[in-house]
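Engineer: The following block contains a protein sequence and its predicted model.
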Amino acid sequence: MPRNTTTGGAPAPQMLSVALPKGRLGEKVYGMFEAAGYGCPAIRENSRRLIFENPAAGVRYFWVKPSDVPIYVERGAADIGVAGKDILLEYNPEVYELLDLGLGRCRMAVAARQDFHDSGERTLRVATKFPEIARQHYAARCRDIDVIKLNGSIELAPILGLSDVIVDIVETGTTLRENNLVVLEEIFPISARLIVNQSAFRFKTAGIEAVAEKMKEQVETDD
Ligand code: PRP
């Protein structure tokens, strides 16, 4: 349980700062922290604030762009964060990955137009938001590729002839279906992970382990 700040002369809890990914996944993740006993009621109020603090529970939350979560955690601006396995594999931050939260499940896949056939004779043009993942995937197959880094609406690339294939996230498959694209290969499954700054883990071990333990109970309850 989070410790109480005021009773019996007990020392104030060490604040743990948590970087949450902005958006639908972040709302769910916050729900897990809340159910684990680390609530911060003000966060539920619809506002543009980015920092929320509950000193009694010993937590401070930041809303950050999902792909920035590992940067905050790696550099120690946040002790803890939640990031998708896709982002962790793309940026390979030096953080500890403590727990699979089982949220935000989807997969990384190669997709193309239904009529695409890879003869293997020329460099494959790959559009993606995940250039490192794409490079590693094709390097392991000794396939020459030309990575075309885009920031969104990746599915447009093969339709407009900008690329041969895409490497992208597939969740429900609706975006691919509605754009007449098909999955050629699944690369790996994705879910949200609890990550921790390495030195924070050394200096705030008890507090971080308590959070991880409570979150694990939430994961097990949801299974
Ligand atoms: C992601 C991903 C796909 C889509 C997959 O895009 O890049 O486009 O979701 O979801 P589905 O299989 O359920 O259709 P996102 O919504 O993040 O938008 P983006 O195009 O800006 O990347």
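Structural biologist: Sure, I can see it. Numbers count the residues shown, from 1 in each chain.
Engineer: check contacts around Glu53.
Structural biologist: Contacts for Glu53 (Cβ atoms under 8 Å, 6 or more residues apart in numbering) come out as Met15, Cys40, Val59, Arg60, Tyr61. Using the backbone N, CA and C atoms, a C-beta is placed for each residue, glycine as well.
Engineer: can I get the CA coordinates of the helix or strand harbouring it in PDB?
Structural biologist: Take DSSP states H and E as the rule and Glu53 turns out to sit in strand 51-54. Listed next in PDB are the C-alpha coordinates belonging to strand 51-54 (Å, rounded to 0.1, in the frame of the first residue of the first chain):
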ATOM      1  CA  ILE A  51       1.300  17.100 -14.400                       C
ATOM      2  CA  PHE A  52      -0.800  15.700 -11.600                       C
ATOM      3  CA  GLU A  53       0.400  14.900  -8.100                       C
ATOM      4  CA  ASN A  54      -1.000  13.000  -5.100                       C
END
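Engineer: I'd like the distance from it to the chain centre, please.
Structural biologist: Centroid displacement of strand 51-54 relative to its chain, using Cα atoms, centre = their mean, to the nearest Å, is 21 Å.
Engineer: elements contacting the longest helix along the chain?
Structural biologist: Determined from DSSP state H, the single longest helix within the chain is helix 205-222. With contacts taken as 3 or more Cβ pairs under 8 Å, 6 or more residues apart in numbering; DSSP states H and E, helix 205-222 sits against strand 16-21, helix 24-35, strand 96-100, strand 192-196.
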